[in-house]
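Colleague: quick one, what's the 3D model for this:
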Amino acid sequence: MREAVIVSTARTPIGKAYRGAFNATTAPALGGHAISAALGRAGIDPAEVEDVVMGCALQQGTAAGNIARTSLVRAGLPVTVSGQSIDRQCSSGMMAISIAAKQIISDGMDVTIGAGVESISTNQSPAAFSISDPWIEENKPALYMTMLETAETVSERYGVSREAQDRYAAQSQARTHAAQQAGRYDDEIVPMTAVMKMQDKETGAVSEHEVTLDKDEGNRPSTTFETLQGLQPVFKDGQVIKEGKYITAGNASQLSDGASASVLMEAKEAERRGLQPLGAYRGIA
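Modeller: The predicted structure follows:
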C-alpha cells in the first residue's frame, strides 16, 4: 500500500495583523515564501511537484483567485504545476495536508505540497468585502457567527469559565516566551524581509520601512493572570448573544499574517532519495 510522508516543512514567522511586519505583504508573497523554503530544504526540483493544496479561511482580497495557484507561481514553480485552495475555516491548513497526502495514497502522485496561509492585513479590510445571503440571515444566522461570538457561545455551553481562560492565556504567554528564548521555533521559521507600513498617530502620514522578521510577533512575556482579569470583554451586539462575558483581548487569539508549507512524498520514493521523513500521514482511525 502507498504511504504519504512529510519530508520537509517551513513557515514564515507569525506577524501581527495591521500593526505588524507583514501588514503590507500579500497572501501570495507569504505563501510563496513558505513553499519555496520547504522545497529548498528537501532539495526537490519545483517541477517535480504534482499538486499544491493550500488552506485559507479568507479567500478574498489578495487571497482571491485560487491562492494555492498564485502562491506556487510566486514561489517559482512552473505553470505546469496545479493548485487547489481549501476553506474549512480554522482547520483549512490541516485539511490541505490531508488532501495532499490522499493525492499520494489514492491518486498515484509522488510529490505534493500541503500548505496554509492567512493575510488578515490585506484580506480583511474595507476593500475586501463579502455579501451575506438573506435566507441564511433569516433562517440560519449562526452560519455567519463571528469567531468572537463562537467563543462566547462555546464558553457558555460547555462551562469554560473566564478564570480558566485567563489562566490558560497567561500560561500560554509564558510558555511561548520560554520557547522563543530557548530557540525552539528557530528550525521551523524562515525569516522574511518585507515592507511594513507605519502611520504617524499625530499627522496620519503613512511611511514604509523595510523590516526582516525572524520570530513570531505578539507575545507579551509580562502578561499575568491578574492583569488579564482586569480586561473587559470585547464582544457586543451579536446575532445570537447581546453582550460577552468571557472573551477579552488578552485571552483571545490575535489576528495574524503568515504561511506554512510541507512537502509530502510517497514513502518508498522518499527512501529511494535518502530523505528522512518528519512524519507520516495515517488518516483517521
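
Colleague: quick one: buried residues of stretch 35-54?
Modeller: For stretch 35-54, the neighbour count (16 or more other C-beta atoms under 10 Å) marks 35-39, 42, 44, 46, 49-54 as buried. The way it works is simple: take the backbone N, C-alpha and C, and place the C-beta from them, glycine included.

Colleague: okay, and Lys102 sits in which element?
Modeller: helix 92-107 (DSSP states H and E).

Colleague: Lys268 too?
Modeller: helix 267-272.

Colleague: any idea how far Gly274 lies from Ala37?
Modeller: 20 Å (C-beta to C-beta, to the nearest Å).

Colleague: which residues touch Tyr185?
Modeller: By C-beta atoms under 8 Å, 6 or more residues apart in numbering, Tyr185 lies in contact with 179, 215-216.

Colleague: would you mark the buried spots in stretch 266-283?
Modeller: Under the neighbour-count criterion of 16+ other C-beta under 10 Å, stretch 266-283 has 266-267, 269-270, 275, 277, 281 buried.

Colleague: endpoints of that stretch, how far apart?
Modeller: For stretch 266-283, the first-to-last residue distance is 15 Å (C-alpha to C-alpha, to the nearest Å).

Colleague: sorry, back to before: what's the farthest-apart pair in the buried residues of stretch 266-283?
Modeller: Spatial extent of the buried residues of stretch 266-283 (C-beta to C-beta) is set by the pair Leu275 and Tyr281 at 15.2 Å.

Colleague: buried residues in stretch 167-178?
Modeller: Applying 16+ other C-beta under 10 Å to stretch 167-178 flags 169-170, 173, 176 as buried.

Colleague: same thing with stretch 193-212?
Modeller: 194, 196.

Colleague: and the strands in the stretch 1-150 of the chain?
Modeller: 4-11, 15-16, 51-55, 82-86, 111-119 (DSSP state E, counting those that start in this stretch).
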